[in-house]
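Peer 1: what follows is a predicted protein model with its sequence.
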Amino acid sequence: MALKLLKDTIRKTTDPLEAIVLGSDYFLLQRSLNYSDKFNVIYQDIQLRLRSRSNTVQPEITFLLYSKACERLLIPIILDSLKRPEIKKEKIQVNLIVLFGIHRLKLSPGNLQQLQALGCTVQTNYFSLIRACHQPEQKLVVLCLDHRKSYVNHFWGVETVDTLKRFGVKTLSIQHGGTRADSVEDLASAASDIVLVWGKRVYREIVEKYGGDPQRFRVVGNPLHDCLAQLNPDEALQKLIERYPMLQSQLPQKRIILLATTLQAEYAAWSDEQALYRQYMQQIYSSVDFSKYVLLIKMHPLDSLSPNIYRDEIPDAQVESSVVIIEPSMTELDVYSLLSISELLITRASTVAEEALIMGQRVVAFDLMPEGPSQNYKHLDEYSDFTTIYKDSKPSLQTAIDKAMMQLTKESSNIYQSKIIGELTYSLDGKSTYRSTNEILRQIQEFSN
């Protein structure tokens, strides 16, 4: 506590001095840096000012990452960009800034290894942004999380985009949430010049409902869904059994239900938040017929491991034998793999509901009350494979589960499924990342036209 107080006191003294030294080159990102990176920014900035400005314009794409959402959405695009022949042919420099001090971002070892293999160096300060401001021609900065309506949560993105805009640097961001009502309204307020969105539904609502400029928003699909084209359910099932061998004897007789929700934040507005999460899981366990079904639970990355409410509320040994709790560290069993081997998804208010629909799965969205977080996904009820159920609903959750499992012989036509895919993620052709990179390259090429 004393150390934190000392650091805060030092920063209150040094922050204004850094702002004076950097002058117009000062970004609020400076506050997030450690002292080594702070010094490097100041040193590089002084060097830049002492050098005469070059007449040669260097085209640059700079990716800015500072949260796991940024990593998830942008790393596939960065890797694709680094492999593009256009990058080498047109001598476009690709920069990657990763700021670890904002949301304690740590790049996954796999992503870091791929970046290094492609010769991409991770920069831990934002000097590339300053350099772009000094010579904004043919400079593009790509980021995530820049919604003005969610300013408190998207503060860093909004402030960075606004600073870049003052110097004439073009900016581009990408959607990171699904079709829930508040997410779409937030996305409509994105600060960047160009915004990549996943599906036709979000684009339509931004333009028609929130008055978004149709030229700013581009439909490309979700880069995270490109892996669905190569998904192998047999391999996923094998991994599941290898990791949880007790399922070997059950799966020939039982079918798989997936629960993918979260037991944090969703009921924060209620005074009895933790009690509601416990009640939620009690209702799930009492509604699943474990003589017929195995329940896989994919924990949210922010869910608590201690206490672990998923585990604590298992009522008895019989239920426990048919429940598998997959912790966040079990990355080889991601939610897409689990959806591919499940026959039904139970969730509450998550983009996983949309992902289940585009994969042709049925979804039961279970919430304790109508005013709960599921209200932001009520629009999905228009799709026949999606059903919203509350604790006191008639029919009950148990009836809704059994009905959904009985109807698994698909009534959906190919036309119906294609419509869902187009609405929620544009296409499952494995080329959303490619389309995203194309839009980024188009922004750079427009400078030359």
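Peer 2: Yep, that arrived.
Peer 1: contact partners for residue 135?
Peer 2: Remark: with contacts taken as C-beta atoms under 8 Å, 6 or more residues apart in numbering, residue 135 is in contact with 53, 54, 57, 58. All C-beta spots, glycine's among them, are computed from the backbone N, C-alpha and C.
Peer 1: pipe these into a markdown table and attach secondary structure and pLDDT per row.
Peer 2: Shown next, in a markdown table, are the contacts of residue 135 (DSSP: H, G, I helix; E, B strand; the rest coil; pLDDT from 0 to 100):
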| residue | secondary structure | pLDDT |
| --- | --- | --- |
| 53 | coil | 78 |
| 54 | coil | 77 |
| 57 | coil | 86 |
| 58 | coil | 90 |
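Peer 1: out of the residues you listed, which one sits closest to residue 357?
Peer 2: Distances from residue 357 to these, taken as C-beta to C-beta, are shortest for residue 58 (44.4 Å).
Peer 1: next, count neighbours for that closest one.
Peer 2: For residue 58, the neighbour count with other C-beta atoms under 10 Å is 14.
Peer 1: give me the distance between it and residue 184.
Peer 2: Relative to residue 184, residue 58 is positioned 37 Å away (C-beta to C-beta, to the nearest Å).
Peer 1: what does residue 347 give?
Peer 2: Counting by C-beta to C-beta, the gap between residue 347 and residue 184 amounts to 18 Å.
Peer 1: again with residue 27
Peer 2: Taking C-beta to C-beta as the criterion, residue 27 is separated from residue 184 by 29 Å.
Peer 1: quick one: end-to-end distance for stretch 220-235.
Peer 2: Here the two ends of stretch 220-235 are set 29 Å apart, with distance taken as C-alpha to C-alpha, to the nearest Å.
Peer 1: buried set for that stretch?
Peer 2: The neighbour-count check on stretch 220-235 (16 or more other C-beta atoms under 10 Å) flags 220, 221, 222, 223, 224, 225, 226, 228, 231 as buried.
Peer 1: reformat those residues as TSV; add pLDDT, secondary structure and distance to residue 309.
Peer 2: Formatted as TSV, those follow (pLDDT from 0 to 100; DSSP: H, G, I helix; E, B strand; the rest coil; distance: C-beta to C-beta, whole Å):
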residue	pLDDT	secondary structure	distance to residue 309
220	98	coil	37
221	97	coil	35
222	97	coil	30
223	97	helix	32
224	95	helix	27
225	96	helix	30
226	97	helix	33
228	93	helix	30
231	93	coil	30
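Peer 1: and the strands in this protein?
Peer 2: Counting by DSSP state E, residue ranges of the strands within the chain are 60-65, 93-98, 122-123, 139-144, 170-174, 194-197, 217-219, 255-260, 293-298, 323-326, 344-347, 362-367, 386-390.
Peer 1: of all those strands, which one comes closest to residue 112?
Peer 2: Comparing the strands of the chain by their distance to residue 112 (C-beta to C-beta), the top pick is strand 122-123, with 7.5 Å.
Peer 1: helices or strands up against the closest one?
Peer 2: The helices and strands touching strand 122-123, judged by 3 or more C-beta pairs under 8 Å, 6 or more residues apart in numbering; DSSP states H and E, are strand 93-98.
Peer 1: what's near enough to touch residue 257?
Peer 2: With contacts defined as C-beta under 8 Å, 6+ apart, the neighbours of residue 257 are 288, 293, 294, 295, 296, 342, 343, 344, 345, 346, 401, 405.
Peer 1: closest to residue 34 among these?
Peer 2: Closest to residue 34 out of the contacts of residue 257 is residue 296 (40.5 Å), distances taken as C-beta to C-beta.
Peer 1: ramachandran angles for residue 290?
Peer 2: For residue 290, the backbone dihedrals are phi -80, psi 0 (criterion: degrees, to the nearest 10).
Peer 1: report how many residues lie close to it.
Peer 2: Summarising burial for residue 290: neighbours were counted as other C-beta under 10 Å, giving 18.
Peer 1: spatially nearest residue to it, not counting backbone neighbours?
Peer 2: Distances taken as C-beta to C-beta, 6 or more residues apart in numbering place residue 322 nearest to residue 290, at 4.2 Å, with adjacent residues excluded.
Peer 1: what does residue 220 give?
Peer 2: Beyond its immediate neighbours in the sequence, the residue positioned closest to residue 220 (C-beta to C-beta, 6+ apart) is residue 435, lying 4.1 Å away.
Peer 1: of the contacts of residue 257, keep whichever come out buried.
Peer 2: 288, 293, 294, 295, 296, 342, 344, 345, 346, 401, 405.
Peer 1: show me what the second one is bridged to.
Peer 2: Applying DSSP bridges to residue 293 yields these beta-bridge partners: residue 255.
Peer 1: shaky segments in this protein?
Peer 2: Of all residues in the chain, those with pLDDT under 70 make up the ranges 1-8, 408-412, 447-449.
Peer 1: please redo it, this time with the cut-off set to 50
Peer 2: Within the chain, the set of residues satisfying pLDDT under 50 comprises 409.
Peer 1: distance of the residue found closest to residue 124 once you drop the neighbours it is linked to in the chain relative to residue 127?
Peer 2: If the residues on either side of it in the chain are set aside, residue 124 comes closest to residue 37, at 5.3 Å by C-beta to C-beta, 6+ apart. The span separating residue 37 from residue 127 equals 9 Å under the rule C-beta to C-beta.
Peer 1: and for residue 148?
Peer 2: Look at residue 148 and residue 127: by C-beta to C-beta, they are 26 Å apart.
Peer 1: picking up where we left off before, which among the buried residues of stretch 220-235 gets closest to residue 256?
Peer 2: residue 231 (15.3 Å).
Peer 1: pretty sure the closest one sits against residue 335.
Peer 2: No: with contacts defined as C-beta atoms under 8 Å, residue 231 does not count as touching residue 335, sitting 11.4 Å away.
Peer 1: give me the neighbour count for the closest residue to residue 284 other than its chain neighbours.
Peer 2: Excluding the flanking residues, the one nearest residue 284 by C-beta to C-beta, 6+ apart is residue 259, at 6.4 Å. Neighbour count for residue 259, taken as other C-beta under 10 Å: 26.
Peer 1: what's the answer for the one 3 residues further on, then?
Peer 2: Other residues within reach of residue 262, judged by other C-beta under 10 Å, total 18.
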